[in-house]
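below is the sequence, then the predicted model.
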Amino acid sequence: MPMTDAWQTAEIAGPKKASLILKPDIADALISRAKRPIMIVGHGIVEYEVNGKPMIECLIALARKAVIPVVVSASTNREFLSREFEPAAVMSAVEISSRLTDPEWKGLDGKEPYDLAIFVGLPYSMEWTILSGLKHFAPNVKTMTFDCVYQPNASWSFPNSTIKDWAANLKGIVENLED
Amino acid sequence: MPMTDAWQTAEIAGPKKASLILKPDIADALISRAKRPIMIVGHGIVEYEVNGKPMIECLIALARKAVIPVVVSASTNREFLSREFEPAAVMSAVEISSRLTDPEWKGLDGKEPYDLAIFVGLPYSMEWTILSGLKHFAPNVKTMTFDCVYQPNASWSFPNSTIKDWAANLKGIVENLED
Amino acid sequence: MSRKSVSFSIKEINSDLAQFRDLTVSIGAITRERWDEPMGPSPFPSLTTLRPWDRRLLSRYKPFYMPFCDLCCLCTYGKCDLTGSKKGACGISMPAQQSRIVLLAACVGAATHTSHAREILTHTIETFGRECKINVGGTGVEVEAPITRLVCGIKPETLGDLEPVLDYCENQLTQLLAVTHTGQEGSSLDFESKVFHTGMIDHLGMEVADIAQVSALGFPKADPESPLADLGLGTIDAKKPVILVIGHNVPPAAAIIDYLRDHGNAGDVEVTGICCTALDLTRYAPKAKVVGPISWQLRYIRSGVPDVIVVDEQCIRTDTLTESEKIHAPLIATSEKNCLGLPDMTDEPAEAIVAAFTHGDITGALILDAEKVGEVASRVALAVHPKRKKRGSIPTKHQVAEMAKKCTLCMQCRRACPNDLPVAQAVKLAASGNLSGLDELYDECLGCGRCESACKQKLPVHTLIVAAAEKQTLDETYCLRTGRGAIQDIEIRKVGGPIVLGEIPGVVAFVGCANFPKGSREVAEMVAEFAKRRYIVCTSGCAAMSAGMYRNDEGKTVYEQFSGAFEAGGVVNVGSCVSNAHIAGAAIKIASIFAKRPLRGNYEEIADYVYNRVGAVGVAWGAMSQKAAAIAAGFWRLGIPVIVGPHGTKYRRMLLGRADRDSDWMVHDARTGESVYGGPVPEHLFIAAETKEEAMVLIAKLAMRPNDTGKGRANKLANYIDLHKRHVGGMPSDVYRLVRTPADIPLTLKDEVDAHLAEHDWKESAIPDPTLLSRMVHSRKVA
Amino acid sequence: MSRKSVSFSIKEINSDLAQFRDLTVSIGAITRERWDEPMGPSPFPSLTTLRPWDRRLLSRYKPFYMPFCDLCCLCTYGKCDLTGSKKGACGISMPAQQSRIVLLAACVGAATHTSHAREILTHTIETFGRECKINVGGTGVEVEAPITRLVCGIKPETLGDLEPVLDYCENQLTQLLAVTHTGQEGSSLDFESKVFHTGMIDHLGMEVADIAQVSALGFPKADPESPLADLGLGTIDAKKPVILVIGHNVPPAAAIIDYLRDHGNAGDVEVTGICCTALDLTRYAPKAKVVGPISWQLRYIRSGVPDVIVVDEQCIRTDTLTESEKIHAPLIATSEKNCLGLPDMTDEPAEAIVAAFTHGDITGALILDAEKVGEVASRVALAVHPKRKKRGSIPTKHQVAEMAKKCTLCMQCRRACPNDLPVAQAVKLAASGNLSGLDELYDECLGCGRCESACKQKLPVHTLIVAAAEKQTLDETYCLRTGRGAIQDIEIRKVGGPIVLGEIPGVVAFVGCANFPKGSREVAEMVAEFAKRRYIVCTSGCAAMSAGMYRNDEGKTVYEQFSGAFEAGGVVNVGSCVSNAHIAGAAIKIASIFAKRPLRGNYEEIADYVYNRVGAVGVAWGAMSQKAAAIAAGFWRLGIPVIVGPHGTKYRRMLLGRADRDSDWMVHDARTGESVYGGPVPEHLFIAAETKEEAMVLIAKLAMRPNDTGKGRANKLANYIDLHKRHVGGMPSDVYRLVRTPADIPLTLKDEVDAHLAEHDWKESAIPDPTLLSRMVHSRKVA
């Protein structure tokens, strides 16, 4: 299928659609440019591996390197704790996203608003609708997804990818950040 | 704007979208391959010129060369008659299109069903909806538009084009047919 | 149907407790037994009572669906992709989904009219009492409520008698809306039948609304010479305090008139209106001024002329508060249905609300009491007028040019324009100081403001257009005939014969909203054309205004050129949206009064009569709303075709006949019982025309009926052929299908037509006594 | 509000005509003056009567909109792009558009319940008379209609007394639907307030429907020990003739039972059902069998087991005719709302219809007469059973593998699956003869069939799954407790105190449809978990079936494990969708019966009580429909939070509280009048959970209320913390916000909680006597 069709066939995008992350350096540039990124991780990540390792390890590496606070939904928390990574918060995805639409909200640490939100691992259609909420109502927050399928409502998304390509991309993103 | 966004911003396409006519030979191949093409011409064509000549002359040339019957909506008829070209029928666009969805209908001449319908010059949103009707309910009729903007519900459409590119394309289609 | 309405009478009781004679208790008044017409077969029809009739029509006019979206998004199993033959998670197919959306739209439309009718009825009953007599035209109108009589089988005499009609409407609408729930109806044709039912209910609701307001508020009563009212921005004296009313529910606006009159300020304040409230206000007070249809709303507010804005319900821009705040004009909302987030000040003293407005403490208030609105709006207008100094938001021409320089020609404005107008090019031209491009847009602009929303440079594009067209706006000094309401019985008697025989070539109604493909002008032109051709032309709603917004060479609007009588060559403004009921009512009355068909609860027979004999055509050139969808559906069920403009394809389907299939056009001949060819007339039930020219030819064609006499058909054909020759070129290709006998051939065109007929191997056929109902065969002599 | 309902009484008349005493005429029965409770402030509230209450809730729970589409397509000015701050042609903004769609959905839902209630009421009145007494629980239930009393201020005693309630519903729904018309409401918060109003109307409609059927059809009357009924495909004896009923309106199904019984065939025919008709049929006849929720429809029909299919209304696959024809099972449609294009044979003799079916002349018929349906369905089942030989469409395993070889792994099936299940991979695996992948899908598959529609190879994908899971389907032998209806007053009296004080940690209702993220199992697991924790657990509708479709280690379903009483640890199946009214009713009765708050027309006070004191939470894990949207809205207005599954985000907005903003959580202390912090409880009014684990933690949290006593809060916190530890890991981060005094700390967790509190600089605060209504301050002692 085309790289920029919504993964679920009927979740057609509107006039405003996500730009593509075709190479790791795009994502890295976006992350580096962000003043206050945040990452929202859903339970779907347990299903995926990146180059033989559980995807969560890749995300933890990323969060550590780029110093990104991680918000997890309920059942994902334990996965992180067991890897000695303390998420910044356990919150439902709609709740943290709703907060992001409030320009007055100063973040989990009360310092200043986030300007980049990275989503990964939510059920596709739930992530679709949540990203739609942010697209319309959080003009100051750019959004990115790390899922292996296209999410049209994000600011940036991977295209619909093979697991292999996607894993390579994700790995690249983390590795490049080290440099 | 992207070549394959709907020209009217909100007329978003569904999962099934028009393929692009990027070069004249695509259209020529499609026309040549069709057993029974038909052309439906709306009043909008009077506004356009193709290489200094009224667009209608280009359409007449095409219709003559490829032997395509032309159906016109009311006010367009006189434009053709004045150029000594007799349209095959004067019919409203919705009426001829509705006929095309009837697999039993043997065409204006009662011989056999059409398999390719070329649309040009209808108001954008009217053409959009009519092409949608054919997309869904005339599976045996391919549709093509010769307008200079993208019509997602056609089988084939030009992209959103500059008048110059579009005119060159249209001219090429007619000329190539001569060869 | 209201089951509680009870009427009982007792001739005589003798008991230990009491003795009495002739006691009658009547509640709900479904049956005050003063009507001796026997009850027909279908009073208060349920969802399926008239299904056989609908299916008959739909077998001839099969829906051609044009999905406006490939998806269904109505439940959370979705969205579902229904492309082609795919089915949704509930099993729904694309045709069913499209007709389901049509039903949903029609329900919204009918609910809107019905709830508006309830507002009006409740208000008039509160003010004038349940026993207030219905009076829509004095002795001139005996059949006071043709739709109510036809559908419900009751003969209302008082306002209170109308209540069970609305109960029935509300009950049916609840059921109809339920049909759109996930996993209900699965057949597109059954959805369509329910759309027709919804349309019929809509017409009932409209009839109740207009009967109530005409009866109670002193509107013109079936008056062919109802007064002319001013129309257009140029007619307003902006030096006075100006109140703007917008919407459809007239009581708050009427209360303003009352308050000003009672307090000696009648001449001091201009009361101006947009949309149907404006129309109904001129029926109440002809000195009120009509600004224009809904598309005038942004331009008028931004001009800064209105000092106070009062909105009621329906077709009001939902950003009115934002716009009114821009020009510092207080906003008063008056409907529970449209609260706009405003504080409810209904229970505050008028004094306090006026003070809050004049001190600038509030920019808007919700006041759910028409009388209080009358007082507050009037007093606030007088108070803020000197302070506001008509502060508008229209820039000077120089400012326009300066602003236009920011344009990057990104084309987003044009891509947002519903009519694909060359907005970007005009703005770019203005940057050079030449505003002619913008000026030219004014006449075709629908005033929707989407260009502004789309502009990446945040230019107030619509305002630029209005600024460039300043001269045009000042020239807008027109007039319209105030809505007359019903058609008199005597008018019906006079024209009934000529219409049914075809000698009056048709009744054309221009109705509905202002989503025109090329501005208002085309409506005015079409109205003039058909009036000149001696059709009976009706107007209503925004179309009635558009019709009045142009002058002929002699400087006359159509309302000055033509009579207001329901006669050949008349231009009959019935009134606001809800007055559309009188147009349907006129068709019904032709069957009932002229042809003496039994009316009471006898829907199929009357519709069969109208369909086969009354050459009526509706034209909704700018139909936009859900109400328009419902109104059209009400006409369809009566067998009256409707033509819409090109945007009408967005209603998602057409109902088109197939002239090429003879078998589709068989009718019963009532005299012989034979099944005979009735000709492809009317050829379509719902069709979108691409241009005005196409529409005009279609009007002439769709006015034909199987019952036309030779003379009548010849007259209709003469118009059809002439319009075709003028606007299309040449003889129409289908004349041979429309000529039945030599008498049908227009004398002046005999040679041409003969030649055409010869080309097509034409053969003479008989003119039937047509009916679609087998039970009508031999049942009675037809008028 | 019905204005015609009239009651008059005359003490004495002496006239020439008559003399009598104590004449009472009562029609519509709004006020049979046998109820001495004084009328509250808001009987028959209009669209804005309760707006202040709604605004109060909405200021705490602000909508978070998640547009399901960037466009508006509701009128023909559109489509309009509303991305970000763009406005539509009517001026509408995206928040208003989203809330408008929510209102439209809620109206469709409420209309569906109300029109269903009208069907039931009309049917029962026709059968049993208008004077048939309401009886929902004999002497055990004195407050027979808590919602009706609360909203309308009337106390219905007979079926006829329920009619004005539905009149009111229909009137309000017509007005509410009109609000969605183009150019009406412009404020998203006013749309939301109208959504709440729609929800309240919906609950009224549901209450009327269930009261009528419980009273007239002999359903269990508030019986905690209502019988268990068979549930699951495996319980059906396919060797017998099998009738399948689908939908929500039970009379036609009940007529089948009656006919079979009256003709001595009761044991010969299996009567089986899907969706709420099945549930209500087991209330009528506990030997009927429940197949499963709506998601079982395709799999059951394709199995070929049903010999006759009878559909009524709501949530029925719209392609049932196509599916029934595939297995050669006659289809009978029984509702005006769902005619499926079938010939109307209502007036044909039963004999003739049976013959037409058995001769194969027709494949389906519309029969709008429940009794005739009963006869025809029964006789046809007996007649076609031997001929059909259960011809289904399920292939053998070998055939599955052969078909699967056509799969190209194009992934369209997976991309069409609402739950993104690995369908393509499973099909591909099957091509190698290994059906385990398909078999595994069965449990999570929703049965929507979209995979089939999408398949480019035209594989019957859903059928392949069912074929692979043959063993699973035969193992489906479960049971459920038949719907008991209302809660008894004595139960309310017993649990009122413990609930209001927090000692029963909450009332959790699992309701609604089957659009689950991972199949039915999660509902069953959650029900068991909370029953074990001594919450009161209610079930209804499809969720009630799902809850029964799993067995614990001892082989027991939740209905066998737990009592059916409304008590701590009970699993209370109230019944079908419309029985949801009893859950809201129980909350209202706690305020009314236990706390003795005045009920009559006193909505705000009761809702304020429920909101602040009754720890009820609704869970609609698979909510799919417009009805579910309306039901949820009815709970919100009462202040009861609702949790939905991940698909619930498609309802377009959440209502989320902000625990981090202390100012949002101020309440009046009724004792002192002071404005005090009430804590972020309940934290949200409407929230979608991503996983079952998240939902369970949320349930525990949202059951907290400001009025909880220390002991109660400690109990609720213990559950909350324990669930969090088990399913999330660690102590919840917000415990410090939820502990007000040391008494709130669960004893067993004291050290941990103390440490947590210390970390967060926790300070003790007082437990208020909470209310959001300033007029409640000092007005009375609170129970």
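Okay, I see it.

can you give me the first-to-last residue distance of stretch C:296-314?
From the first residue to the last, stretch C:296-314 extends over 15 Å; the measure is Cα to Cα, to the nearest Å.

please read the previous query as pertaining to stretch C:597-617.
For stretch C:597-617, the first and last residues are 21 Å from each other (Cα to Cα).

pretty sure C:Val310 sits in a strand.
Yes. If the criterion is DSSP: H, G, I helix; E, B strand; the rest coil, then C:Val310 is within a strand.

and it, what pLDDT?
For C:Val310, the pLDDT comes out at 98.

beta partners of it?
With DSSP bridges applied, the residues forming beta bridges to C:Val310 are C:Val245, C:Ile332.

send the alpha carbons of stretch A:151-159 over as CSV?
The C-alpha atoms that make up stretch A:151-159 are tabulated as CSV, following Å, rounded to 0.1, in the frame of the first residue of the first chain:
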residue,chain,number,x,y,z
GLN,A,151,-0.4,8.2,11.4
PRO,A,152,-1.7,11.0,9.3
ASN,A,153,-2.7,13.3,12.3
ALA,A,154,0.8,13.5,13.7
SER,A,155,3.1,16.3,12.6
TRP,A,156,5.7,13.6,11.7
SER,A,157,5.2,9.9,11.2
PHE,A,158,7.0,7.0,9.8
PRO,A,159,5.4,5.7,6.6
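
list the contacts of that stretch.
For stretch A:151-159, the external contacting residues (Cβ atoms under 8 Å, 6 or more residues apart in numbering or on different chains) are A:3-4, A:6-7, A:11-14, A:17-22, A:26-27, A:30, A:119, A:124, A:127-128, A:131-132, A:134-135, A:142-150, A:166, A:169. C-betas here are computed from N, CA, C, even on glycine.

mind checking which of those land in helices?
Secondary structure from DSSP state H places A:Ile26, A:Ala27, A:Leu30, A:Tyr124, A:Glu127, A:Trp128, A:Leu131, A:Ser132, A:Leu134, A:Lys135, A:Trp166, A:Asn169 of the contacts of stretch A:151-159 in helices.

just confirm the fourth one contacts A:Glu11, I think it does.
What that stands for is A:Tyr124. Yes. Proximity of A:Tyr124 to A:Glu11 meets the contact threshold set by Cβ atoms under 8 Å, at 7.5 Å.

between those two, which one's more packed in?
A count of neighbours by other Cβ atoms under 10 Å in any protein chain shown puts A:Glu11 above the other of A:Tyr124 and A:Glu11, at 28 against 21.

now that one: how far from D:Gly449?
18 Å (Cβ to Cβ, to the nearest Å).

now, of the contacts of stretch A:151-159, which are buried?
A:6-7, A:11-14, A:17-18, A:21, A:26-27, A:30, A:119, A:124, A:127-128, A:131-132, A:134-135, A:142-150, A:166, A:169 (16 or more other Cβ atoms under 10 Å in any protein chain shown).

and the contacts of stretch A:151-159 near chain C, which?
Filtering those for proximity to chain C by Cβ under 8 Å from any Cβ of the partner chain leaves A:Glu11, A:Ile12.

show me which pair in the ones in helices among the contacts of stretch A:151-159 is furthest apart.
Checking the ones in helices among the contacts of stretch A:151-159 against each other with Cβ to Cβ, the farthest-apart pair comes out as A:Ser132 and A:Asn169, at 24.0 Å.

run through the bridge partners of the most centrally placed residue in chain A.
Closest to where the C-alpha atoms of chain A average out (Cα atoms, centre = their mean) is A:Phe119, at 2.2 Å. Note on A:Phe119: beta-bridge partners A:Ile40, A:Thr145, judged by DSSP bridges.

tell me the pLDDT at it?
According to the per-residue confidence, A:Phe119 scores 98 in pLDDT.

that one contacts A:Phe146, correct?
Yes. Counting by Cβ under 8 Å, a contact exists between A:Phe119 and A:Phe146, whose distance comes to 7.4 Å.

biggest helix in chain C by residues?
Assignment by DSSP H gives helix C:94-128 as the longest helix of chain C.

now do that one, average pLDDT.
Taken as a whole, helix C:94-128 has an average pLDDT of 98.

quick one: that helix near chain D?
Yes. Applying Cβ under 8 Å from any Cβ, one finds that helix C:94-128 is in contact with chain D at C:96, C:104-105, C:107-109, C:111-112, C:114-116, C:118, C:122, C:125.

dump these into JSON lines; add distance to chain A as well.
Conversion of the residues of helix C:94-128 next to chain D to JSON lines gives the following (distance: Cβ to the nearest Cβ, whole Å):
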{"residue": "C:Ala96", "distance to chain A": "17"}
{"residue": "C:Leu104", "distance to chain A": "19"}
{"residue": "C:Ala105", "distance to chain A": "21"}
{"residue": "C:Cys107", "distance to chain A": "25"}
{"residue": "C:Val108", "distance to chain A": "23"}
{"residue": "C:Gly109", "distance to chain A": "27"}
{"residue": "C:Ala111", "distance to chain A": "28"}
{"residue": "C:Thr112", "distance to chain A": "28"}
{"residue": "C:Thr114", "distance to chain A": "34"}
{"residue": "C:Ser115", "distance to chain A": "31"}
{"residue": "C:His116", "distance to chain A": "32"}
{"residue": "C:Arg118", "distance to chain A": "36"}
{"residue": "C:Thr122", "distance to chain A": "39"}
{"residue": "C:Ile125", "distance to chain A": "45"}
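
check which helix or strand residue 59 maps to.
As the question left the chain open, I've gone with chain A. Element membership for A:Leu59, per DSSP states H and E: helix A:55-66.

meant chain C, my bad for not saying
C:Ser59 belongs to helix C:51-60, assigned by DSSP H and E.
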